[in-house]
Structures are given as C-alpha cells and as structure tokens.
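Novice: no letters, just coordinates:
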C-alpha cells in the first residue's frame, strides 16, 4: 500500500512542448536539448510568483525514445523517438536470433520491431558509425537525469 500526503493544499500545473521533426521517410526525431530546456522552463513557470522552489522533478518518456550522450553528457545526435521506424532491417536481423540468445543479451524478452532500442542501436552502429563512436550513454529519461544531477546509475549504458 502506498500513501502520499501533500504538505500544502495548493498545487500548481505547468507544461511545455517541443517540436517533432521528420527529416526523411521513417525518421522521427526531436532535438534532445529541448527536453532539458523545456523542463527548466516549466520549473520557472511553477515557481513564478511564489516563495517556493521545486523540490523534485520526475521524467517520463515515450519508450523507446533514444537519446545518445557523450562523456560530457551532451547529446551527440537528435533523439530518435518511439515512432521512428528506420531500423527495419536491423529488427529483421534481430528477429532471426533465437529467443534464448536474445534473452541472454537483453536480460528479458523484448520485441524486435524497428522502433525498439536494440534495433535503433544496431542501425546507428551500421549506418552512423561517427555518432555510434561518440555515444556513451543512451536512454531519454536516463539522459535527462544524468544531465540534471550528473550522477546516479544508468540502465542505458551503451555497451560495445
């Protein structure tokens, strides 16, 4: 059982938006820097005209949106959002691998569609080796957490 109590009776709501880009067929991207920029804008909106501060921020993303960061936690490419289907060939390649092997790779059963993170990572390795070489961390929410606090564990580590 989970019980949550608020210390105050007043709550505020703020939201922000950022554009989606479709630079070519099957590609659906967003500027990864927009995620943190909009989060900061929303925090400023929430604090405007109050004597309070933001105590915590939670990030939730449409999975499997992929944000790749370098060692300095800067985005190395646009975020590849969940609707992106450029990795069809890589998904087909993954689908040919037996279930036991895939389970060993990922630690869980995972779909092999073009929108999945494993297929997108293989696409990057195969089709954009420069970005692949610069990437050290992957995962939209994890990237935001790392950029905000510059610490913590990462389930999205890019492993070569």
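Specialist: Noted; the coordinates are in hand. Just so we're clear, the structure is a prediction, and the values are computed from it rather than from any experiment. Numbers count the residues shown, from 1 in each chain.

Novice: going by C-alpha atoms from here, please, whenever you check contacts or count neighbours.
Specialist: Will do.

Novice: where do the helices sit along the protein?
Specialist: 32-47, 88-95, 99-106, 117-127, 129-134, 140-149 (DSSP state H).

Novice: which ones are touching residue 33?
Specialist: Residue 33 makes contact with residue 75 under the criterion Cα atoms under 8 Å, 6 or more residues apart in numbering.

Novice: let's see it at 10 Å
Specialist: 18, 67, 74, 75, 77, 78, 79, 144 (Cα atoms under 10 Å, 6 or more residues apart in numbering).

Novice: next, count neighbours for the second one.
Specialist: The burial count assigned to residue 67 is 28, neighbours taken as other Cα atoms under 10 Å.

Novice: which residue is the nearest non-sequential neighbour of residue 125?
Specialist: residue 132 (5.5 Å; Cα to Cα, 6 or more residues apart in numbering).

Novice: that neighbour contacts residue 122, doesn't it?
Specialist: Yes: contact criterion Cα atoms under 10 Å: residue 132 and residue 122 qualify, at 9.2 Å.

Novice: more neighbours, these two?
Specialist: Higher neighbour count among residue 132 and residue 122: residue 132, with 21 against 18, using other Cα under 10 Å.

Novice: give me the lowest-pLDDT entry from the contacts of residue 33.
Specialist: Scanning the contacts of residue 33 for pLDDT, the low point is residue 144. It has 65.

Novice: hmm, residue 23 and residue 29 touching each other?
Specialist: Yes: taking contacts as Cα under 10 Å, residue 29 lies within contact range of residue 23: 7.9 Å.

Novice: looking at these two, which one has more neighbours?
Specialist: Comparing residue 29 with residue 23 by neighbour count (other Cα under 10 Å), the higher total belongs to residue 29, at 22 against 9.
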